[in-house]
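K.L.:
Structure of the sequence below:
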Amino acid sequence: MLPLDLNGRQCILGAVAWAGCTVGWYNAVLQPSFHLRYSEDTLAFIVLSTPSMFDRAFKPFVDKQLLKKINDPVDQCVSYHLSLVKESLPDQRVDIIYDYEILPNRKPKFLAQTAAHVAGAAYYYQRKDVRCDPWGEKKIYGVCIHPRYGGWFAIRGLLLFPDVQVPFLEQVAPVDCVASEEKRIELLEKFNFHWRDWSYRDIIEVKDRYSEEQKAYFGAPPAERFKLLELQGVVQRSV
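P.N.:
Below you'll find the model as predicted:
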């Protein structure tokens, strides 16, 4: 019995979305130094947070954690909710890798955007996807775009099920929602050189986006974010 429903291969539920893949699909597109050390047919789920996460999961989590020291509220919120997923599957071995985790050599434990692409969750647009490269020697970073949320989402983690092998799982390509050369150049330009203005996230028409409150929170320096939540009334300190 599979630990999560794979009938649709992808699912959006409340504040999160996930898409299933195998470790082999991920390893096949990367150098060996980035490979996940699991069997090729091991089942994995890439976990995304949708725009509604801020109100439906994050703010309630912060409100309940008043008496605890919070170093990074978002990371702890994600960890908390994914730990509940793990607890709900007591008969399954579940390994969780978070997007912020790094190895001793400072490399990330997994490449989140690559995982999202191979799982069909979001298309990872890179420099190689532009035929007439206009950037010369400039360093250009790639970015994932979701067909429903554009850039208004985040990749939060990877759930791995070492004891679940799915050699029958068929890989589905991500939706190429930024199909024209002109739009791809515009996307990469905005992401690399104007990312602070949020405009790359609206490269396509989206179904939902971050609220102004959420934009203010994520746009603030990390040291100021908890104070911002206090000002918004999300948390209140006891006297």
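
K.L.:
Could you use CA atoms for every contact and neighbour count after this?
P.N.:
Will do.

K.L.:
hey, which helix or strand in this protein has the poorest pLDDT?
P.N.:
strand 10-13 (a mean of 56; mean pLDDT, DSSP states H and E).

K.L.:
which residue ranges form the helices in the chain?
P.N.:
Ranges of helices within the chain are 23-28, 53, 59-64, 73-87, 112-118, 181-193, 212-219, 222-231, based on DSSP state H.

K.L.:
Could you give me the buried positions within the fourth one?
P.N.:
To tie it back to what came earlier, the one meant is helix 73-87. Within helix 73-87, the residues that count as buried by 16 or more other C-alpha atoms under 10 Å are 73-74, 77-79, 82, 86.

K.L.:
Relative to residue 39, how far out is residue 164?
P.N.:
Separation of residue 164 from residue 39 (C-alpha to C-alpha, to the nearest Å) stands at 10 Å.

K.L.:
Just the pLDDT at residue 71, thanks.
P.N.:
For residue 71, the model assigns a pLDDT of 70.

K.L.:
Pull the number of nearby residues for it.
P.N.:
11 (other C-alpha atoms under 10 Å).

K.L.:
now swap in residue 54 and tell me
P.N.:
By other C-alpha under 10 Å, neighbour count at residue 54 equals 19.

K.L.:
before we move on, what about the one 10 residues further on?
P.N.:
For residue 64, the tally of surrounding residues (other C-alpha under 10 Å) stands at 10.

K.L.:
Report the separation between the spatially most central residue of the chain and residue 168.
P.N.:
By C-alpha atoms, centre = their mean, the chain has its centre lying nearest to residue 155, at 0.4 Å. Residue 155 sits 26 Å away from residue 168, going by C-alpha to C-alpha.

K.L.:
ditto for residue 142
P.N.:
Where residue 168 is concerned, residue 142 sits at a distance of 30 Å (C-alpha to C-alpha).

K.L.:
which one of the two has more residues nearby?
P.N.:
Using other C-alpha under 10 Å as the criterion, residue 142 and residue 168 rank with residue 142 on top: 16 against 7.

K.L.:
Skip the chain neighbours and tell me the closest residue to the more buried one.
P.N.:
residue 126 (4.2 Å; C-alpha to C-alpha, 6 or more residues apart in numbering).

K.L.:
average pLDDT across stretch 212-231?
P.N.:
Stretch 212-231 comes out at a mean pLDDT of 85.

K.L.:
er, stretch 134-144 I mean
P.N.:
Rounded mean pLDDT across stretch 134-144 is 97.

K.L.:
mind listing what's buried in that stretch?
P.N.:
142-144.

K.L.:
what does stretch 31-45 give?
P.N.:
Applying 16+ other C-alpha under 10 Å to stretch 31-45 flags 35, 38, 40-45 as buried.

K.L.:
now do stretch 118-136
P.N.:
Buried, per 16+ other C-alpha under 10 Å, within stretch 118-136: 118-127, 130.

K.L.:
Now the terminal residues of that stretch, how far apart.
P.N.:
First-to-last residue span, stretch 118-136, C-alpha to C-alpha: 28 Å.

K.L.:
what does it contact?
P.N.:
10, 18-22, 25-26, 45-46, 113-114, 116-117, 140-147, 171-177, 181, 184-185, 188 (C-alpha atoms under 8 Å, 6 or more residues apart in numbering).

K.L.:
again, only this time at 6 Å
P.N.:
19-21, 116-117, 142-146, 172-174 (C-alpha atoms under 6 Å, 6 or more residues apart in numbering).
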